[in-house]
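Participant: build the 3D model from these lines:
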Amino acid sequence: MQIMKVDPRALKENPDRMRQTKSSPQADALMLATIKAVGIVQPPVVAPETDGGNGYIIDAGHRRVRLAIAAGLEEIEILVVDAANDNPRSWGAMRSMVENSAREPLNPVDQWRGIERLVALGWTEEAIAVALALPVRQIRKLRLLANVLPAMLEQMALGDMPSEQQLRIIAAAGQVEQKEVWKAHKPKKDDTAPWWQIASALTKKRMYARDASFGDDLAQAYGIEWVEDLFAPADQDGRYTTNVEGFLGGQHEWMTRNLPKRGAIVEVNSWGQPELPKKAAQVYGKPSKSDHTALYLDRDGKVQTLHYRMPEAAKPKATGREGITESGEGVGAIDVSKPRPDVTQKGHDMIGDFRTDALHDALGRAPIEDDMLMALLVLAFAGQNVRVDSGADGTFYGGKRFSRHAGSLFDEHGKLAFDQDTLRVAVRSVLIDVLSCRRGMSNSGMVSRIAGEAIGADEFLPNMGSEEFLLCLSRQALEASCAEASVQPRPKVRETRAALVEHFASEHFVHASARFAPPADELLDWIRASSPTDTLGTASHDDDGGQADDPAEEQDGQIDEAADLDDLQDPDLSDDGEHDDDFDQRAAA
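Facilitator: A predicted model of the protein is given here:
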């Protein structure tokens, strides 16, 4: 390596120079003024010709040599380096690229041109990556510019680069398509290109292999060829296809082949939501064996699954006062606007599912004393979803299930023979089948909430801080939840809900209305309604099964069996609480 003076006009251009993009006129004018004032501060780097010539080839400093000639300098200092012995052209090309990259980063177009030149000289992508300290993936990304229209490359070389996402879309399109789109969106002189419009015009729907449920057999059958997306994250399967019709066909056939026993393939609406059968209710907790399964494709073509149940037979609506129905319709009905409840009907449905799953988990796993199990069993059969009909037909609601549990208590000779562990399992199983908080016919009512509180089922409730559940809460309920969680409410309900979802992503949230402990007044009303007493613990009965002893009562008419039932259900309709002697004797017996 030596320094010498030469005429700048005698130096030869390097055919493997990396920086081919022209510098701006302002930058050239500034360097020209500097050269005229103080000369060249850093000598250009040159190497001797290797093809038998006696001249020198510029390795670094083409711009300095060009402007020195423009400044009229007769001689300049140069730094002469030894030519590489092993394939000097390829090493010279690499040296030029490394020097330019270290001095000032090359724009992607010049980087791509340099990489293509190195590949043509025998360099592999891995070797180029090691030499430039770049990932091999980045080298492959830059080589995608080979698919970009030359006119677009010229615009990019001016420093007007699209985003990585836009560049990926452009490089994936064909040359003919690019030419047509560029003709329609070509910018005026000194303007930037509308890359987002160009990318939008060239965008094709991509279906990714990572979202496919089908295998290679269906992919081949539907003519799907996977293409590697080099711009995708390295830890993801970046294969995709633009054969949308074939991809969706493969997904549909996979769903048809793997349809569950009580399953159906449903369509989606314009918002991408599944269209369930009429009156179907989505199951948000653990599905039961009687629930249905719906398979559908979301907007990305993924196979999604949800569970739903069909409603029980509707009961006739009872009317209230004469001429006015429960809905308030009729003569004289007054329309009164009611405030929105804290929790919507869908929210109550979700709470019912959450409670039931938590209750069943607690019954299956929580520590429960034997005496508590017996008490819960009594409570369970007082549930409003349990019915036992004794008669000639011997109908028993849920008989098969209970018979299965009872069968575990018998030996092979048909005699009762069990230990405590077997009994505990049978009792827990019966309670799981009986107790339910789901809305509808299977709701056990207050007894399920009492049982859940008694065994600590609140601990088994899931995190309800999800967008889907919080959508069911009113503004007042959301702000109350914010106060409990020390989250500042936002001006808009949507923003408040988003803040709660973000907060509860790492916290466990259970809405107060979903906890099992019933309010004291509701519990007291239920006890009173369930007990044929005037006051708690004090029975009131007639010895003749409900016939009136008072002559005044007889004048009002005989009380039939339905009235007797009303007496038992409504303590306000019972007698004065005095016991008949005959009844006392029967009670003592």
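
Participant: which of the three states applies to residue 47?
Facilitator: Under DSSP: H, G, I helix; E, B strand; the rest coil, the three-state class of residue 47 is strand.

Participant: same thing with residue 59?
Facilitator: Three-state assignment for residue 59 (three-state DSSP): strand.

Participant: grab the nearest non-local neighbour of it.
Facilitator: Excluding the flanking residues, the one nearest residue 59 by Cβ to Cβ, 6 or more residues apart in numbering is residue 45, at 4.5 Å. From N, CA and C alone the C-beta is placed, and that goes for glycine too.

Participant: that neighbour contacts residue 57, doesn't it?
Facilitator: No. Using Cβ atoms under 8 Å, residue 45 is not in contact with residue 57; the gap is 10.2 Å.

Participant: neighbour count: the two, which is higher?
Facilitator: Remark: of residue 45 and residue 57, residue 57 carries more neighbours, 22 against 18, as counted by other Cβ atoms under 10 Å.

Participant: for the more buried one, list the residues it contacts.
Facilitator: 11, 12, 13, 14, 46, 47, 48, 49, 92 (Cβ atoms under 8 Å, 6 or more residues apart in numbering).

Participant: and with 6 Å instead?
Facilitator: Listed by Cβ atoms under 6 Å, 6 or more residues apart in numbering, the contact set of residue 57 reads 12, 14, 47, 49.

Participant: show me which of those is closest to residue 437.
Facilitator: residue 14 (80.7 Å; Cβ to Cβ).

Participant: pick the one among the contacts of residue 57 closest to residue 254.
Facilitator: Nearest to residue 254 among the contacts of residue 57, counting by Cβ to Cβ, is residue 14 at 57.5 Å.

Participant: residue contacts, the closest one?
Facilitator: Residue 14 makes contacts with 57, 58, as judged by Cβ under 6 Å, 6+ apart.

Participant: skipping its backbone neighbours, what lies nearest residue 303 in space?
Facilitator: Distances taken as Cβ to Cβ, 6+ apart place residue 213 nearest to residue 303, at 4.6 Å, with adjacent residues excluded.

Participant: in the stretch 351-500 of the chain, which spans are helices?
Facilitator: Remark: helices assigned in the stretch 351-500 of the chain by DSSP state H, counting those that start in this stretch are 370-380, 399-407, 420-434, 446-454, 467-470, 475-485, 493-503.

Participant: who touches the fourth one?
Facilitator: Applying Cβ under 6 Å, 6+ apart, the external contacts of helix 446-454 come out as 359, 376, 379, 382, 383, 435, 437, 516, 517, 518, 526.

Participant: between helix 420-434 and that helix, find me the angle.
Facilitator: Computed by axes from the mean of the first three to the mean of the last three Cα atoms, to 10 degrees, the angle separating helix 446-454 from helix 420-434 equals 130 degrees.

Participant: show me how far helix 446-454 is from its chain's centre.
Facilitator: Centre-to-centre, helix 446-454 and its host chain are 33 Å apart (Cα atoms, centre = their mean, to the nearest Å).

Participant: phi first, then psi, for residue 236.
Facilitator: Main-chain dihedrals, residue 236, degrees, to the nearest 10: phi -120, psi 160.

Participant: for it, which non-adjacent residue is closest in space?
Facilitator: Using Cβ to Cβ, 6+ apart, the closest residue to residue 236 is residue 210 (6.4 Å).

Participant: looking at the contacts of residue 57, spot the one nearest residue 167.
Facilitator: Nearest to residue 167 among the contacts of residue 57 is residue 14, at 28.5 Å by Cβ to Cβ.

Participant: are we agreed that that closest one is in a helix?
Facilitator: No. Counting by three-state DSSP, residue 14 is not part of a helix but coil.

Participant: picking up where we left off before, just the buried ones from the contacts of residue 57?
Facilitator: 14, 47 (16 or more other Cβ atoms under 10 Å).

Participant: quick one, strands of the stretch 301-450 of the chain?
Facilitator: 303-309 (DSSP state E, counting those that start in this stretch).

Participant: now stretch 121-128: average pLDDT?
Facilitator: What stretch 121-128 shows for mean pLDDT is 83.
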